[in-house]
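Novice: sharing a model that was predicted from the sequence below.
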Amino acid sequence: MQDGLAPGLDQVALAIGDAHRDLLDGSGPGGMDVIPDPAPPPDVRGRRRLAGDLHSCPARMSATIRPPGPAHAMTTPDPTASGLAGLRVASFEARMAGPMADLIRKHGGRPVEAPALREVAIGDNPEALAFADRLVAGEFDVVIFLTGVGTRFLAQEIETRYPRDEWVAALKRARIVIRGPKPLAPLRELGARVDLQAPEPNTWRELLGALDARLPVDGLRVAVQEYGQPNPELIDGLEHRGAAVTRVPVYRWSLPEDTGPLRRAIIEVAVGRIGAVLFTAAQQVVHLIEVAGREGREADLRAALGRSVVVGSVGPTTTETLRARGLPVDIEPEHPKMGHLVAALAARWRSVGKG
């Protein structure tokens, strides 16, 4: 797990702790529009526990999946039991693979960890440094942060040129807007306030709606921290509203360095040894189909997902991507968080009628 922002493990643990709560149990600010002053950090015991979790993450993320074989066949779920009742559930989450597996176990399932996504910082990034120059010069009225990992990568790049105190002071002179709860942890760590947060489900549509209601951008200079690919709908929406928009790309999406767990999970889905799959990001869908195609398993994968495997999506953006690629969506939680996704699967997988 990478963190290009925090100088010490305790600070990393703080950021992970905030993200863990927001993603898993839904206790983050969710649909709040205006964010209060930063909350106090967790106690020292919490930091030590989270720091320990950091050490365990690489091992969990690299966990392999047993190859198909009668000795490891899927346990038939107990129809009289509650929750997942031994159902084998494949998760394509990467950064939070360990906590996701814990959630599946908590609900009685058997997790199959198959990370499908890796965020890679753009090494030589003149656009990020140009943004920093203009920010320090006072040339932005609004800065929009879309992702937590992007906020960290951007801070890391800026601090190759400017001391933290200098560029954060410049950031505080602008209005700070976030799409969802994930940028909160790194921004709190920087000591920066947040002026506006889009409500759930935290897509570009809610972000534009929040700006329209609380911070009209007509005539304003707006910088947008992008994630693994550009978001043309958001950029076009801002420009249509009269903003002068500067895109700030900071990382790209890639396949995991080790695609073995993902390839094995594809085989297990195709042969009927996995009962449900969970997608927590749209790009996971893209990578799953890409790898399945390389392995000559795309048709088998599609057939299994349509016929016998329950498909869970964390939220609207991922759902749109699944459907755009001809894949079903059986379960989507009310709140776009991992904890809610697993809970929804545990409550509703039987009623989907697959199997």
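Specialist: That came through fine.
Novice: from now on I want contacts and neighbour counts done on CA atoms only, so please keep to that.
Specialist: OK.
Novice: send me stretch 184-203 as CSV with only the CA atoms.
Specialist: Below are the C-alpha coordinates for stretch 184-203, written out as CSV (Å, rounded to 0.1, in the frame of the first residue of the first chain):
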residue,chain,number,x,y,z
LEU,A,184,-11.1,13.9,3.8
ALA,A,185,-8.3,11.9,5.5
PRO,A,186,-5.4,13.3,3.5
LEU,A,187,-6.8,16.8,3.6
ARG,A,188,-7.2,16.6,7.4
GLU,A,189,-3.7,15.4,7.6
LEU,A,190,-2.6,18.5,5.7
GLY,A,191,-4.6,20.7,8.0
ALA,A,192,-6.8,21.9,5.2
ARG,A,193,-10.5,22.6,5.6
VAL,A,194,-13.2,21.3,3.2
ASP,A,195,-15.8,23.8,2.0
LEU,A,196,-18.2,21.6,0.1
GLN,A,197,-18.8,17.8,-0.3
ALA,A,198,-21.1,16.2,-2.9
PRO,A,199,-23.8,14.0,-1.4
GLU,A,200,-24.1,10.3,-2.0
PRO,A,201,-23.7,8.5,-4.3
ASN,A,202,-20.8,10.9,-4.9
THR,A,203,-20.7,10.8,-8.7
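Novice: roughly how far is that stretch from the heart of the chain?
Specialist: The chain centroid and the centroid of stretch 184-203 are separated by 15 Å, computed with C-alpha atoms, centre = their mean, to the nearest Å.
Novice: give me the mean pLDDT for it.
Specialist: The pLDDT scores in stretch 184-203 average 97.
Novice: pull out the buried residues from that stretch.
Specialist: Neighbour-count burial for stretch 184-203, with 16 or more other C-alpha atoms under 10 Å as criterion, is recorded at 184-190, 192-203.
Novice: list the contacts for Gly272?
Specialist: Residues near Gly272 by C-alpha atoms under 8 Å, 6 or more residues apart in numbering: 304, 308-309.
Novice: now flag whichever of the residues you listed is closest to Val245.
Specialist: Val309 (42.6 Å; C-alpha to C-alpha).
Novice: if we can go back for a sec, output the contacts of Gly272 as a markdown table; include the columns pLDDT and distance to Gly150.
Specialist: Formatted as a markdown table, the contacts of Gly272 follow (pLDDT from 0 to 100; distance: C-alpha to C-alpha, whole Å):
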| residue | pLDDT | distance to Gly150 |
| --- | --- | --- |
| Ala304 | 98 | 35 |
| Ser308 | 97 | 36 |
| Val309 | 98 | 33 |
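Novice: helices of the chain, start to end?
Specialist: Applying DSSP state H to the chain gives helices spanning 9-20, 44-61, 97-106, 126-136, 148-158, 164-172, 184-190, 204-214, 232-240, 260-270, 282-294, 298-307, 316-324, 338-352.
Novice: which one of the ones you listed lies nearest to Ala223?
Specialist: helix 126-136 (7.9 Å).
Novice: contacts for the closest one next, please.
Specialist: 140, 154, 157-158, 161, 166-167, 170-171, 223, 248-250.
Novice: give me the buried positions along that helix.
Specialist: By 16+ other C-alpha under 10 Å, the buried positions in helix 126-136 come out as 128-129, 131-133, 135-136.
Novice: lowest average confidence, helix or strand, in the protein?
Specialist: Least confident element among the helices and strands of the chain, by mean pLDDT, DSSP states H and E: helix 44-61 (a mean of 34).
Novice: follow-up on the earlier one: out of the contacts of Gly272, who's nearest Leu215?
Specialist: Val309 (43.7 Å).
Novice: how near is that closest one to Arg247?
Specialist: Val309 sits 39 Å away from Arg247, taking C-alpha to C-alpha, to the nearest Å as the criterion.
Novice: quick one, which of these two is more surrounded?
Specialist: Taking neighbours as other C-alpha atoms under 10 Å, Val309 and Arg247 compare with Val309 leading, 27 against 17.
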